[in-house]
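# What shape does this take:
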Amino acid sequence: MPDLAVLVPTLSPASWALVIAAALIVGFAKTALPGAGTIAVGLFALAMPAKESTAALLLLLIVGDMMALWVYRREPDWRTLVRLLPSAMIGVVIGVFYFARVDGDGVRLTIGVILLVLVVVTVGRRRLAQRRDASGAAGDRLPPTRAAAAGSRPGAAATAQGIGYGLLGGFTTMVANAAGPVMSLYFYAMRMPVLTFLGTSAWYFAIVNLFKVPFSAGLGLITRDTLVMDVMLIPAVFLGAYAGAKVARRIPQKVFENLVLVLTVAAAIGLLVV
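From the prediction side, this is the model:
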């Protein structure tokens with residue numbers, strides 16, 4: 001019988017604490033606050049070499065995706081997913097080539113700058129829309145749920161925006177598992193209700209993360225140690241996902257939207273300064 005101690009990946013106690021905390025955050029982010037998942041990216045990068053940490057985290061993210069799908073399987077906006085997924089897969093392929101040629105610092109800088117620019121653009125557009133609504137007759141405004149539905153109609157502008165965010169989401173998820181804030185900004189701009197936001201996010205990431213696995217394996221990033229460590233961390237993902245599902249149904253829409261923005265900015269700054 002093999003010595004179990006030999007099978008366990010060699011990490012320092014501090015590194016184990018970091019990856020356990022990251023696994024809890026992965027589960028919580030998948031069922032409550034998708035943008036928070038970038039915190040786990042940073043914790044894994046502190047505990048392990050940057051490129052290896054990307055593959056190790058990917059497998060845990062897939063476990064979290066399965067939990068989120070179970071909780072929110074009836075909630076997605078399918079029209080939005082159809083608009084996003086083809087360009088997201090192209091973005092993943094672009095990310096594979098970029099990942100193979102750029103070091104970890106270059107990846108973090110690129111994604112941090114992208115996130116900050118997207119925050120500025122998204123908040124600016126939301127404020128312009130609010131001012132435009134305020135200048136119109138009160139009876140002509142759409143309530144939030146109808147506004148979200150209207151925003152998801154496949155017009156030329158909405159389609160172009162979906163393609164752009166899909167490409168960025170695919171690219172950032174391949175190079176750093178950092179598409180959570182990117183796609184959260186897109187769903188935020190669509191003014192989705194909380195559960196529709198979480199359901200659409202769950203389906204999007206479940207599909208895209210599974211699509212990424214062959215590329216990560218082809219780059220030689222998935223190893224025996226990676227698999228063993230992830231199996232050991234699965235209970236923490238489940239615990240975080242359970243807590244997130246309980247919290248998500250109690251978060252007011254406005255609080256949820258503000259948390260999405262704050263976490264996105266925090267993620268961008270973290271990527272730039274780490």
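
# Contacts only, for residue 33.
Going by Cβ atoms under 8 Å, 6 or more residues apart in numbering, residue 33 touches 244, 248, 256, 259, 260, 263. All C-beta spots, glycine's among them, are computed from the backbone N, C-alpha and C.

# Out of these, name the ones that lie in strands.
When DSSP state E defines the strands, the subset of the contacts of residue 33 inside them is empty.

# Could you identify which of the residues you listed has the most neighbours?
Neighbour counts for those were taken using other Cβ atoms under 10 Å; the highest belongs to residue 244, with 26 neighbours.

# Go ahead and confirm that one touches residue 31.
Yes. Counting by Cβ atoms under 8 Å, a contact exists between residue 244 and residue 31, whose distance comes to 3.5 Å.

# Residue 166 and residue 40: what is the separation?
Residue 166 sits 22 Å away from residue 40, taking Cβ to Cβ, to the nearest Å as the criterion.

# Show me which of these two is the more surrounded one.
Neighbours were tallied for residue 166 and for residue 40 using other Cβ under 10 Å; the higher tally belongs to residue 40 (29 against 26).

# Tell me the confidence at that one?
What the model reports for residue 40 is a pLDDT of 84.

# tell me the phi and psi of it?
Dihedral angles of residue 40 (phi, psi; degrees, to the nearest 10) stand at phi -60, psi -30.

# just checking, it touches residue 27?
No. Because the distance of 9.5 Å does not satisfy Cβ under 8 Å, residue 40 is recorded as not touching residue 27.

# buried residues in stretch 231-241?
Buried positions in stretch 231-241, judged by neighbour count with 16 or more other Cβ atoms under 10 Å: 232, 233, 236, 237, 238, 240, 241.

# Return the distance of the fourth one relative to residue 266.
If I follow you right, that is residue 237. Taking Cβ to Cβ as the measure, residue 237 falls 22 Å from residue 266.

# Lowest mean pLDDT among the helices and strands of this protein, which one is it?
Within the chain, no helix or strand scores below helix 144-151, which has a mean of 43 by mean pLDDT, DSSP states H and E.

# and the next helix or strand after that one, what does it pack onto?
Proceeding C-terminally, helix 144-151 gives way to helix 156-176 as the next helix or strand, assigned by DSSP states H and E. In terms of contacts (3 or more Cβ pairs under 8 Å, 6 or more residues apart in numbering; DSSP states H and E), helix 156-176 is packed against helix 78-101, helix 104-135, helix 179-189, helix 194-218.

# That'll do, ta.
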